[in-house]
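Student: Got a predicted model here, sequence first, then my questions.
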Amino acid sequence: MTRTASIALAAALLAGATALPAAAQGLGADSADAAFRATTLNLSASGESKVTPDLATITLGVQTDGPTAAQALSANAAQMTRVVAALRKAGIAERDIQTSSLNVSPQYVYEQNQPPKLNGYQASNQVTIQVRDLAKLGQTVDATVGAGATNVGGISFGLQDPKAAEDAARLDAVKALQAKADLYARATGYRIVRLVSLGEGGGYTPSPPPMPMYAMAKREMADSSPVSAGELKVRIDVSATYELAK
């Protein structure tokens, strides 16, 4: 091969190598341009299902006083042991009883122009329980108060297995979303080509507890405390992008 031919071949190869990226860039630009030219519709919708709760969560507490921290704790432990025994007797499983707080704090007497005076100690112990048989909820609360519980926290209701309720809400949400997309397409003179993306938000959350209510341990009850579980709403939010065409 002559020197002139070698130079010509190298120039041709260099020109080809330069042309390939340019061609690839052209293809990418065409693809991006096509995506930019597509008409899309972004929508959101929600669906709900209503279900009767089958789970209740309650916080029970024992509060005791003593001249020393040890005595306050000792009295508290004895009283809480009776409360837990009452829970087990009422059919609450061990896995559904959990200590949520345990505190000991000094108690002071405050008088004007006098330094605070120590007046003993106060111990408090709280357990969070889950009741799976709501028919026995009122009896369970009453049994613990009779055994020594000095306060009952707010009650929240929930579901042991929320999947079925969530799936029902999902179906309702997608149905509402599709109906909305069809409406927009007809109103604008377009037709739906395809579903580009679909996203989900929301989901099951237990009902929030009310403000705490307090019960004196020595009160007498002729009947069990009435408790109404009501109804839970499970909500699912969905959003989607549709491609439209004339």
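Tutor: Yep, it's here.
Student: Name the next helix or strand downstream of the strand or helix carrying L195, please.
Tutor: Here L195 is covered by strand 191-203, with elements defined by DSSP states H and E. For strand 191-203, the succeeding helix or strand toward the C-terminus, using DSSP H and E, is strand 232-245.
Student: sorry, back to before: run me through the strand neighbours of the strand holding L195, direction for each.
Tutor: As defined by DSSP bridges, the strand partners of strand 191-203 come to strand 232-245 (antiparallel).
Student: The partner strand: which residues count as buried?
Tutor: The neighbour-count check on strand 232-245 (16 or more other Cβ atoms under 10 Å) flags 232, 234-240, 242, 244 as buried. The C-beta positions use only the backbone N, C-alpha and C, and glycine is treated the same way.
Student: Relative to L171, which of these is nearest.
Tutor: When the buried residues of strand 232-245 are compared for distance to L171 (Cβ to Cβ), I236 wins out at 9.1 Å.
Student: can you tell me how far T59 sits from F157?
Tutor: Computed with Cβ to Cβ, to the nearest Å, the distance linking T59 and F157 is 14 Å.
Student: quick one on the thing from earlier: quickly name whichever of the buried residues of strand 232-245 is closest to Q126.
Tutor: Distance from Q126 was checked for each of these by Cβ to Cβ. The minimum falls on L232, at 25.0 Å.
Student: surely the closest one meets V51?
Tutor: Yes. In terms of Cβ atoms under 8 Å, L232 counts as a neighbour of V51; the distance is 5.4 Å.
Student: What ranges does this protein have for its helices?
Tutor: Secondary structure of the chain, counting by DSSP state H: helices at 3-37, 69-89, 137-147, 163-188.
Student: coming back round to it: now tabulate the buried residues of strand 232-245 in a markdown table and tack on distance to Q107 and pLDDT.
Tutor: Compiled in a markdown table, these are given as follows (distance: Cβ to Cβ, whole Å; pLDDT from 0 to 100):
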| residue | distance to Q107 | pLDDT |
| --- | --- | --- |
| L232 | 41 | 90 |
| V234 | 45 | 92 |
| R235 | 46 | 93 |
| I236 | 50 | 94 |
| D237 | 49 | 95 |
| V238 | 54 | 96 |
| S239 | 55 | 97 |
| A240 | 60 | 97 |
| Y242 | 66 | 96 |
| L244 | 71 | 95 |
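Student: CSV for the residues you listed, including distance to L134?
Tutor: What follows is the buried residues of strand 232-245, written out as CSV (distance: Cβ to Cβ, whole Å):
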residue, distance to L134
L232, 12
V234, 18
R235, 22
I236, 25
D237, 29
V238, 31
S239, 36
A240, 38
Y242, 43
L244, 49
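Student: nearest spatial neighbour of T188, skipping sequence neighbours?
Tutor: What sits nearest to T188 in space, not counting adjacent residues and going by Cβ to Cβ, 6 or more residues apart in numbering, is L244, at 7.6 Å.
Student: How about V131?
Tutor: When the adjacent residues along the chain are set aside, V131 lies closest to A56, with 4.5 Å between them (Cβ to Cβ, 6+ apart).
Student: who touches that neighbour in this structure?
Tutor: A56 sits next to 130-131, 134, 137, 155-158, 227, 229 when contact means Cβ atoms under 8 Å, 6 or more residues apart in numbering.
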